[in-house]
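>>> predicted model and sequence below, questions to follow.
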Amino acid sequence: MKSGVWATIQQFVTLGSTAITGIILARTVSVSDLGVFSFATNLASIGTAILTAGLAGIAIKAFVDKPASAHRTMTALILIREFFAILAYLVLLPISALVGDAAVVGATAIALLVLFARALDASELWFQAQARSGSTAPVRIAVVLVMLGIRLVLAFTGADLMTFVILYVVEAVVVSSLLLVRYARDRDSPKFAKPETETPRALLGSSWILMLASLATQINSRGDVVVIQALLGSSAVGLYSAAARLSEMAYFLPVVFMTATFPRLLQVRREYGQKSRQYKQELQASYDRAFWAGVLIAVVILLIGPWVLTTLYGAKYEASGPVLQIHVLALPFVFMAAVFSKFIIAENALFASLTRNTLGAVLNIALNFLLIPHWGILGSAWATVFSYFVASYLSCFATKTTRVAGVQMTLAFIYPLRLLASAVRGTRKKGSHEEEAP
């Protein structure tokens, strides 16, 4: 089975588990408790952006381009990620104390422990670089399914909120440990090297911009929950997060696809060149598929999303329906942003990534503070959509390096018309050849 297929299966299972866990929580605990869980896990997601230090794409590129140094790269990755996990914990826990009560702080203190486990996920990047997601995906899938079963059993026994927060951490610990063992035992893996300083310095020298950009991306997508917690409280966070959980399921699909196909994009660029027709076609096809997949999914969710949400979560989450319908308007641009982020790495346009994501994060937080007092959680949803539109599309036209991406995204809007024009030209060409035939 191909790497991309395994990556897709893994993501579907993970997203399915996340969705079912959300349903379990919604049906088991109060709206306020769901808000506490969502706030804590959202801060953990922001922490994950810090600990990865923007190194995912750069590490994959290093594994592909410099296989002889792969063992040093792996060791450096783990050490860097653990260091930033400590830093993230020390920064994020006080934030929960500023905006939440004792329950919020306690849940966050436990949830943030997940960072130290996720730092060990660096071993998975080597398998991705080798297009061998099939070596790691079964591990994640198995653990996710087992942990889901445990959650279901505990839900029927009346488990409380903190039990589910602890399980959130335990799942990450088990997955990361098994992935590290899988890497160490693989006969083709480069294993590990003695710790040294040269490789970490080289990696961080290239990644600090991406780290800040990744952090800005998480603030753009998760910062709204922090503002809602500060202004409206945990119950509002629970209502908002019920919608966000469903919309974010779709947000991850293009990320999975581009993670699996990024090595091929690099290979096409290396073989044919940056300005080659093949490379441009590969990028354009990715933008085309991403945009229209986002449109299709957005239309479906607009039509049936609120009904699905209340059916799954219960009538007490009826106010979450309009939030979901607003959120999905950003899907086409979120999908294209996944392609754009890989283009930035391939072209080494790292500052452009920082600029666009910082712009989106600042805009999102500012609009949240401006709109929430007037429109509540609906104002937060509109702030998210507008910030995604600016960060994912309009910002591409700000620099010469990324303007070509903006043009290709614009062409993706009219992909059906381009297909029709191509078909008409093909028909005319065929007709002219038939007229010339004796």
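Yep, it's here.
>>> ok, now how distant is residue 89 from residue 22?
25 Å (Cβ to Cβ, to the nearest Å). C-beta here means a position set from N, CA and C on the backbone, and glycine is covered the same way.
>>> wait, I meant residue 78
On the measure of Cβ to Cβ, residue 78 and residue 22 end up 31 Å apart.
>>> okay, those two: which has more neighbours?
Of the pair residue 78 and residue 22, residue 22 is the one with more neighbours under other Cβ atoms under 10 Å, namely 21 against 17.
>>> right, and the more buried one touches residue 247 too?
No. With contact defined as Cβ atoms under 8 Å, residue 22 does not count as touching residue 247 (11.9 Å).
>>> and for stretch 165-181, what are the contacting residues?
37, 40-41, 44, 107, 110-111, 113-114, 117-121, 123-124, 136, 139-140, 143-144, 147, 150-151, 154 (Cβ atoms under 8 Å, 6 or more residues apart in numbering).
>>> let's see it at 6 Å
For stretch 165-181, contacts defined as Cβ atoms under 6 Å, 6 or more residues apart in numbering pick out 107, 110-111, 113-114, 117-118, 120-121, 123-124, 136, 139-140, 143, 147.
>>> same check, this time on stretch 117-128
48, 51, 59-60, 63, 77-78, 81-82, 85, 135-136, 172-173, 176, 179-180, 183.
>>> residues near residue 400, how many?
Residue 400: 9 neighbours (other Cβ under 10 Å).
>>> so what's it scoring on pLDDT?
According to the prediction, residue 400 has pLDDT 83.
>>> likewise for the one 3 residues further on?
Note for residue 403: predicted pLDDT of 89.
>>> could you do residue 283 as well?
In this model, residue 283 carries a pLDDT of 82.
>>> also the one 5 residues further on?
The predicted structure scores residue 288 at 88 on the pLDDT scale.
>>> separation between it and residue 395?
Counting by Cβ to Cβ, the separation of residue 288 from residue 395 is 20 Å.
>>> same thing with residue 287?
According to Cβ to Cβ, residue 287 and residue 395 sit 15 Å apart.
>>> and residue 205, by the same measure?
For residue 205, the distance to residue 395 - Cβ to Cβ - is 25 Å.
>>> quick one: which of these two has more around it?
Taking neighbours as other Cβ under 10 Å, residue 205 and residue 395 compare with residue 395 leading, 23 against 9.
>>> could you find the closest non-adjacent residue to residue 418?
residue 411 (6.9 Å; Cβ to Cβ, 6 or more residues apart in numbering).
>>> which parts of the helix or strand where residue 82 lies are buried?
Using DSSP states H and E, residue 82 falls within helix 70-99. The neighbour-count check on helix 70-99 (16 or more other Cβ atoms under 10 Å) flags 70-82, 84-85, 88-89, 92-93, 95-96, 99 as buried.
>>> so what does that helix touch, helix or strand wise?
helix 31-51, helix 56-65, helix 102-111, helix 114-118, helix 122-129, helix 198-231 (3 or more Cβ pairs under 6 Å, 6 or more residues apart in numbering; DSSP states H and E).
>>> distance of residue 241 from residue 247?
Going from residue 241 to residue 247 by Cβ to Cβ gives 10 Å.
>>> now swap in residue 52 and tell me
Between residue 52 and residue 247 the computed distance is 23 Å (Cβ to Cβ).
>>> so how far is residue 81 from residue 304?
40 Å.
>>> same check, this time on residue 140
Distance, residue 140 to residue 81, using Cβ to Cβ: 18 Å.
>>> likewise for residue 370?
Residue 370 is 36 Å from residue 81, by Cβ to Cβ.
>>> do residue 419 as well
43 Å.
>>> again with residue 331
Residue 331 is 30 Å from residue 81, by Cβ to Cβ.
>>> contacting residues for residue 250?
297, 331.
>>> which strand or helix spans the nearest residue to residue 21 once chain neighbours are set aside?
With sequence-adjacent residues excluded and distances taken as Cβ to Cβ, 6+ apart, residue 21 is closest to residue 151, at 5.9 Å. For residue 151, the element it lies in under DSSP H and E is helix 137-156.
>>> what lies in contact with that helix?
6, 10, 13-14, 17, 21, 24, 28, 163, 171, 174-175, 178-179.
>>> hmm, back to that, so between residue 241 and residue 247, which is more surrounded?
residue 241 (30 against 24).
>>> per-residue pLDDT, residue 370?
95.
>>> where does it fall, secondary structure wise?
Residue 370 belongs to helix 350-375 when assigned by DSSP H and E.
>>> which element follows that helix toward the C-terminus?
Tracing the chain C-terminally past helix 350-375 and defining elements by DSSP H and E, one meets helix 377-392 next.
>>> could I have whichever helix or strand comes after that next one exported to CSV, CA atoms only?
Per DSSP H and E, the first helix or strand lying C-terminal to helix 377-392 is helix 400-413. Extracted in CSV, the C-alpha atoms of helix 400-413 (Å, rounded to 0.1, in the frame of the first residue of the first chain):
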residue,chain,number,x,y,z
LYS,A,400,7.7,38.7,-5.5
THR,A,401,8.7,35.2,-4.4
THR,A,402,5.1,34.2,-3.4
ARG,A,403,3.2,36.1,-6.0
VAL,A,404,3.4,33.1,-8.4
ALA,A,405,1.6,31.1,-5.7
GLY,A,406,-1.1,33.7,-5.5
VAL,A,407,-1.6,33.5,-9.3
GLN,A,408,-1.8,29.7,-9.2
MET,A,409,-4.4,29.9,-6.3
THR,A,410,-6.4,32.4,-8.4
LEU,A,411,-6.3,30.0,-11.4
ALA,A,412,-7.6,27.3,-9.1
PHE,A,413,-10.8,29.3,-8.6
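>>> for helix 400-413, name the packing helices and strands.
helix 277-313, helix 331-347.
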